[in-house]
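J.: I need the structure of the sequence given here:
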Amino acid sequence: MTGIPADVLEREADLVGAIDRLVAQHGARRSSLLPILEALREQRRQISDVAMQVVADRLGLPPVEVQGVVTFYHFLGTEPTGRHVVHLCRTISCAMAGMGAIAERLENELGIRFGETTDDGLVTLAWANCIGMCDRPPAILLDRQAIGRVTPDDACELVARLRAASSDDTVGGTPVGNWSGDRGPDPRDDDSR
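T.: Presented below is the predicted three-dimensional model:
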């Protein structure tokens, strides 16, 4: 059934059970790979080598194919993350619109650098090469919520909201509600000047 040693399967029984439930939910076919990996990442906050092997086994795929998908998409990955991941876009449009000040403010507020996770496991800071909001820079992707025209003060408010909601049991859910940080049309686009 699997090339994973029995003692590893026994030690990782909880993980194997979680994967089996996801396969039952999404189906044991190649097209289910991404939804299964996304859900597994949301539940576990990382996708381990054992997890990739079990998913490959359950879907009848070569392990290297699963690993290729996990390492290709930035929202998957093998490294553990915090409960919430804040991706700051670092495209040229975001850089020109003040991304550096936001990055500095986030690092200072959280006491970590990009690529790190807070000691309490609440937040991971990460760079994104593009989140598709070049028309509203600078932009942040908080878990799955894109937020445009972010200011350094917005970044502080975002951190405060994450901390305030940290007692919420929702993993991967964004506790900021309807974020009003995206302020609509950019006044710099006003042609009446």
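
J.: counting neighbours, what do you get for His84?
T.: 25 (other CB atoms under 10 Å). Any C-beta I mention is one placed from the backbone N, CA and C, and that applies to glycine too.

J.: quick check: pLDDT value at it.
T.: According to the prediction, His84 has pLDDT 92.

J.: and the one 3 residues further on, by the same measure?
T.: The score at His87 is 93. That number is its pLDDT.

J.: before we move on, what about Gly184?
T.: 50.

J.: do Arg11 as well
T.: On the pLDDT scale, Arg11 gets 94.

J.: what do you get for Phe114?
T.: At Phe114, pLDDT is 97.

J.: how far away is it from Ile102?
T.: 11 Å (CB to CB, to the nearest Å).

J.: which residues are common contacts for these two?
T.: Leu88 (CB atoms under 8 Å, 6 or more residues apart in numbering).

J.: those two: which has the busier surroundings?
T.: Using other CB under 10 Å, the more surrounded residue of Phe114 and Ile102 is Ile102, with 25 against 15.

J.: show me what contacts the more buried one?
T.: Ile102 touches Leu88, Pro138, Ile140, Val150, Thr151, Pro152, Asp154, Ala155, counting by CB under 8 Å, 6+ apart.

J.: so Arg161 versus Ala155, what's the distance?
T.: 11 Å.

J.: one more: Pro62?
T.: Taking CB to CB, one finds Pro62 at 42 Å from Ala155.

J.: the two - which one has more neighbours?
T.: Neighbours were tallied for Pro62 and for Ala155 using other CB under 10 Å; the higher tally belongs to Ala155 (26 against 9).

J.: was I right to think the more buried one contacts Glu109?
T.: Yes - counting by CB atoms under 8 Å, Ala155 touches Glu109, with 6.9 Å between them.
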